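A.B. asks: Model the structure of this input:
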Amino acid sequence: MKKSKILMPVMAFVMAIGLAFANKANVESGEWVERNGMPYQLQNETCTAPTTQNCQVIFTDDPNTVHQVFVDSDLKEPKSGGSNTPYILNE
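C.D. replies: Modelled structure (predicted):
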């Protein structure tokens with residue numbers, strides 16, 4: 001009985017520390033565009049339509065430029081799932 005009075009709080013403390021590192025707060029989208037000549041990773045997932053059209057986005061701070069979305073940081077493989085109208089992103 002005396003061991004369990006000490007062991008239970010210690011176990012709860014260990015579990016709390018373990019769960020603190022188990023979250024997925026920084027999940028990456030895996031989608032890339034070229035901005036200012038450099039690869040830029042999108043924060044939100046776009047282009048989830050079941051189409052074969054290439055995915056394109058427009059940023060609200062640069063509304064005159066349409067950016068092609070890629071699935072790799074090398075900007076080699078375009079992402080499909082787009083529509084006739086580019087997605088508008090506020091990043």
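A.B. asks: Give me the helices and strands touching the longest strand anywhere in the chain, please.
C.D. replies: Longest strand in the chain, counting residues (DSSP state E): strand 62-68. Counting contacts by 3 or more Cβ pairs under 8 Å, 6 or more residues apart in numbering; DSSP states H and E, strand 62-68 is packed against strand 32-35, strand 56-59. Where C-beta positions appear, they are placed from N, C-alpha and C, glycine not excepted.
A.B. asks: which neighbours does the helix or strand just after it have in its sheet, and in what orientation?
C.D. replies: Sequence order places strand 87-89 as the next helix or strand after strand 62-68, per DSSP states H and E. Applying DSSP bridges, strand 87-89 is found paired with strand 56-59 (parallel).
A.B. asks: Show residues contacting the strand it pairs with.
C.D. replies: 33, 35, 42, 46, 65-69, 82, 86-91 (Cβ atoms under 8 Å, 6 or more residues apart in numbering).
A.B. asks: swap the cut-off to 6 Å and go again
C.D. replies: Residues outside strand 56-59 that contact it (Cβ atoms under 6 Å, 6 or more residues apart in numbering): 46, 66-69, 82, 86-89.
A.B. asks: Check the residues you listed and tell me the two furthest apart.
C.D. replies: The distance between the two most remote of the contacts of strand 56-59 (Cβ to Cβ) is 15.1 Å, for Q68 and I88.
A.B. asks: Tell me which of those two has more neighbours.
C.D. replies: Neighbour tally, Q68 and I88, criterion other Cβ atoms under 10 Å: the higher count belongs to Q68, 16 against 11.
A.B. asks: So for the longest strand of the chain, what gets flagged as buried?
C.D. replies: Neighbour counts over strand 62-68 (16 or more other Cβ atoms under 10 Å) mark 67-68 as buried.
A.B. asks: next one: stretch 41-61
C.D. replies: Across stretch 41-61, burial judged by 16+ other Cβ under 10 Å covers 42, 46-47, 55-59.
A.B. asks: separation between I6 and D62?
C.D. replies: I6 sits 60 Å away from D62, taking Cβ to Cβ, to the nearest Å as the criterion.
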